[in-house]
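In: Fold the following, please.
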Amino acid sequence: MKQMKWCGWGDSDKTFDISNKPTLWRYLVKATGIADDINRKVPTIPLENITLSEPQLNEAFLAELNHVLQPEQIKQDHYERLIHTYGKSFRDLWRIRNGIIPQAPDIVCYPQSEEEVQTILTAANQCNVVVIPFGGGSNIAGCLEPRQHRDRMIVSLDMKKMNRVIEVDSYSMIARIQAGTMGPELEKQLNEQGVTLGHFPDSFEFSSLGGWVATRSAGMQSDKYGKIEDMVIALRMITPTGALITRTVPKSSNGIGINQLCIGSEGILGVITEVTMQVHHLPRKKEFHGYLFPNFEKGIAAIYEATSQNVMPSMTRLNDADKTALSFAYKTKGSFFHNLLSNGMKYYLKWFKKINFDTVCLMLVGFEGNNISSQVKKINAIYKKMGGVHLGTSPGKSFEKAKYDFPYFRDFVMDYGVSADVSETATTWKNILPLYYHARQSIQQAIAETGSKSWCGCHISHTYKTGASLYFTFAFKQSDEVLTQYLRVKKAAEDAFIACGSTLSHHHGVGYEHLPWISDDISMIGVKAIQGIKASLDPNNIMNPGKIIPSDLPLKDWGWTL
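Out: So this is what the prediction gives:
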């Protein structure tokens, strides 16, 4: 099965190309203070030098597997174990690049049917074997890593062979889809029948439907289509104690919503095998437009006004000044942004449109449907009142070409000793700016306390009637204590979110990266409720232990020593 590269993001044959971005290296040097030497790379340990722990095999469990799985469905080789050890967070990538693998899965299984999943979980429950569901491996919250499992055998259950759109009901506008279906495969199969799911997260190329549901994913066009939990009609989840199945109905009043218990469960209750999703007719037309605003505050006010008037494009992404500066530095020669920053255009924008390029903020807006011109006209009228300047579709075309490339850039800066990561949250409209100011200052201060130069940008990534998501990106030159430095900054971001009354994560999940804040976010009684559900469905705690529910181990044993 095709997997992402072992030491970074994405296709093994694709890397970030800086050669066609003439100003990006200079911006990176200035922003982070790294040495101005593009040949001075931080080495990655060779794959052949990485040592994994000896596999701990439960022979009774393996005997049960051999009755139902073909030999090619059970992998025990070094490479398979390695690539199923971590997700793709900064902490994951730094450790794997340095050969730090405290514990790897003992085997990897590739089930091809729900019946095989049931057999695997039943045998695992009987033999006290840990099972960690695995979709695309793109998670950045620590949802995949095996940790402290008290000498039990660990199985990574890779769902990629369960990758079919089973049925599309174009009359009811629903589709039954196997949970291992990856983003591009899913859209291709749906598009062939004239429909779309409308879910395009940044990880789209390398993440699965089951992973989206298990982590409460959000797509770029969630302003129109909603988050993944808004799309789920019914599902099937195999637990250690049996199959959990919900009916395909639009709404119901049948007690506590079982769908919602499974959505966001991150594999701690069972394995999602099939999901019935709401789908939509393919839009006849789709466009992305660019706008410039004098500052972040004006841009937020424009989004709020459009939302208040119920004028909701499919996507609204507003960059603050620092994120905008990075977008401009990202430009390729001859691109729209390159021309935008030419002397003539800058003169026009500065003196005729009163744009200050030190505070200017770029917004990208997506429009879909049969009458896009009407939507654009309404948005233009609202944005113009807030000082917005319409740039047309050229910025959108640049965005579409590179919208899935940012994780490759993170890999690139890591090659030069730069730590780069993200923290995202959501809050109400009234709290957007207080949260932005506080969290940004907290991140910058934490970076400064480590002795490094700070860079922190932010963008509004998803908007709703009641509020929006703020997505912070930060980068800094690595100190001698790389993980300690990184964790100080990550902690500052999450502490700021909780202090300001926002959520610990809008769409990346909990895993163990966000465990220290879960009880603050949902209350201790909320944690106890989840513990009770897990004890009922997974009494032997074989399903992805230590995620979502705070461990009984001290945080220092979970990598949070500061």
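In: Output stretch 251-263 in CSV with nothing but the alpha carbons.
Out: What follows is the C-alpha trace of stretch 251-263 in CSV, where atoms were taken according to Å, rounded to 0.1, in the frame of the first residue of the first chain:
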residue,chain,number,x,y,z
LYS,A,251,-32.6,13.2,12.3
SER,A,252,-34.0,11.3,15.3
SER,A,253,-35.0,11.6,18.9
ASN,A,254,-33.7,8.3,20.2
GLY,A,255,-31.8,9.4,23.3
ILE,A,256,-28.1,10.4,23.4
GLY,A,257,-26.7,10.6,19.9
ILE,A,258,-24.6,7.5,19.3
ASN,A,259,-23.1,9.0,16.1
GLN,A,260,-21.6,11.8,18.1
LEU,A,261,-20.1,9.3,20.6
CYS,A,262,-18.1,7.8,17.8
ILE,A,263,-17.2,11.0,15.9
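In: contact partners of it?
Out: For stretch 251-263, contacts defined as C-beta atoms under 8 Å, 6 or more residues apart in numbering pick out 213-214, 216, 228-229, 232, 234-235, 237, 244, 246, 269-270, 272, 533. (Each C-beta comes from the backbone N, C-alpha and C, glycine too.)
In: Would you mind listing where the stretch 1-150 of the chain has pLDDT under the threshold?
Out: Regions of the stretch 1-150 of the chain meeting the criterion pLDDT under 70 cover residues 148-149.
In: how about a cut-off of 80?
Out: Segments of the stretch 1-150 of the chain classed as low confidence (criterion: pLDDT under 80) are 1, 147-150.
In: Tell me where it has strands.
Out: 74-75, 107-109, 130-134 (DSSP state E, counting those that start in this stretch).
In: which stretch among those comes nearest residue 20?
Out: strand 130-134 (34.6 Å; C-beta to C-beta).
In: just checking, what packs against that closest one?
Out: Counting contacts by 3 or more C-beta pairs under 8 Å, 6 or more residues apart in numbering; DSSP states H and E, strand 130-134 is packed against helix 114-127, strand 154-158, strand 271-278.
In: and the direction of that strand versus that of strand 271-278, what angle?
Out: Here strand 130-134 runs at 30 degrees with respect to strand 271-278, directions being taken by axes from the mean of the first three to the mean of the last three C-alpha atoms, to 10 degrees.
In: angle of strand 130-134 against helix 114-127?
Out: 150 degrees.
In: Taking strand 154-158 as reference, get the angle to strand 130-134.
Out: Taking the same axes, to 10 degrees, strand 130-134 and strand 154-158 form an angle of 20 degrees between their directions.
In: picking that back up, closest one to residue 516 among the helices and strands packed on strand 130-134?
Out: The minimum distance between residue 516 and the helices and strands packed on strand 130-134 falls on strand 154-158, with 23.8 Å, by C-beta to C-beta.
In: Mind giving me the packing neighbours of the helix or strand following the closest one?
Out: Per DSSP states H and E, strand 154-158 leads on to strand 165-169 as the next helix or strand towards the C-terminus. For strand 165-169, the contact count by 3+ C-beta pairs under 8 Å, 6+ apart identifies strand 174-178, helix 183-191 as packing neighbours.
In: what ranges of the stretch 351-500 of the chain fall below the confidence cut-off?
Out: 351-355.
In: re the thing from before, closest one of the contacts of stretch 251-263 to residue 42?
Out: Ranked by distance to residue 42 (C-beta to C-beta), the contacts of stretch 251-263 are led by residue 214 at 33.1 Å.
In: a helix runs through that closest one, doesn't it?
Out: Yes - inclusion of residue 214 in a helix is indicated when DSSP: H, G, I helix; E, B strand; the rest coil is applied.
In: Next, the contact list for the closest residue to it other than its chain neighbours, please.
Out: Nearest-residue entry for residue 214: residue 266, 5.3 Å, with adjacent residues in sequence omitted and distances by C-beta to C-beta, 6 or more residues apart in numbering. Shown in contact with residue 266 (C-beta under 8 Å, 6+ apart): 143, 214-215, 509-511, 544, 547-548.
In: Filter these down to the ones in helices?
Out: Members of the contacts of residue 266 lying in helices (criterion: DSSP state H): 214-215.
In: just checking, next helix/strand downstream of the helix or strand harbouring residue 236?
Out: In this assignment (DSSP H and E), residue 236 forms part of strand 232-239. Per DSSP H and E, strand 232-239 leads on to strand 242-245 as the next helix or strand towards the C-terminus.
In: Buried residues in the helix or strand following that next one, which are they?
Out: Note on strand 242-245: by DSSP H and E, the next helix or strand toward the C-terminus is helix 258-262. With burial defined by 16 or more other C-beta atoms under 10 Å, the residues of helix 258-262 counted as buried are 258-259, 261-262.
In: so residue 238 bridges to which residues?
Out: Here residue 238 shows beta-bridge partners residue 243, residue 271, assigned using DSSP bridges.
In: what does residue 458 give?
Out: Partner residues in beta bridges with residue 458: residue 472, with DSSP bridges as the criterion.
In: List the contacts of it.
Out: Contacts were defined as C-beta under 8 Å, 6+ apart; by that measure residue 458 touches 296, 319-320, 322-323, 436, 439-440, 470-473.
In: Over to residue 163?
Out: By C-beta under 8 Å, 6+ apart, residue 163 lies in contact with 178, 180-182, 185.
In: Skipping its backbone neighbours, what lies nearest it in space?
Out: Among residues not flanking residue 163 along the chain, residue 181 sits closest, at 4.5 Å (C-beta to C-beta, 6+ apart).
In: quick one: the one you found and residue 165 touch, right?
Out: Yes - counting by C-beta atoms under 8 Å, residue 181 does reach residue 165; the two are 6.8 Å apart.
In: higher neighbour count, the two?
Out: For the pair residue 181 and residue 165, the greater number of neighbours falls to residue 181 (26 against 23), based on other C-beta atoms under 10 Å.
In: Would you mind measuring from the more buried one to residue 187?
Out: Residue 181 sits 10 Å away from residue 187, going by C-beta to C-beta, to the nearest Å.
In: go on, residue 106?
Out: According to C-beta to C-beta, residue 106 and residue 187 sit 34 Å apart.
In: quick one, which of the two is more surrounded?
Out: Under the neighbour definition other C-beta under 10 Å, residue 106 and residue 187 were set side by side, and residue 106 has more, 24 against 20.
In: how many other residues sit next to the nearest residue to that one once chain neighbours are set aside?
Out: Nearest residue to residue 106 in three dimensions, chain neighbours excluded: residue 55, at 4.1 Å (C-beta to C-beta, 6+ apart). Using other C-beta under 10 Å, residue 55 has 14 neighbouring residues.
In: wait, residue 55 sits on residue 81?
Out: Yes - with contact defined as C-beta under 8 Å, residue 55 counts as touching residue 81 (7.3 Å).
In: Overlap in contacts, the two.
Out: Contact criterion C-beta under 8 Å, 6+ apart; residues shared by residue 55 and residue 81: 106-107.
In: Many thanks, I have nothing further to ask.
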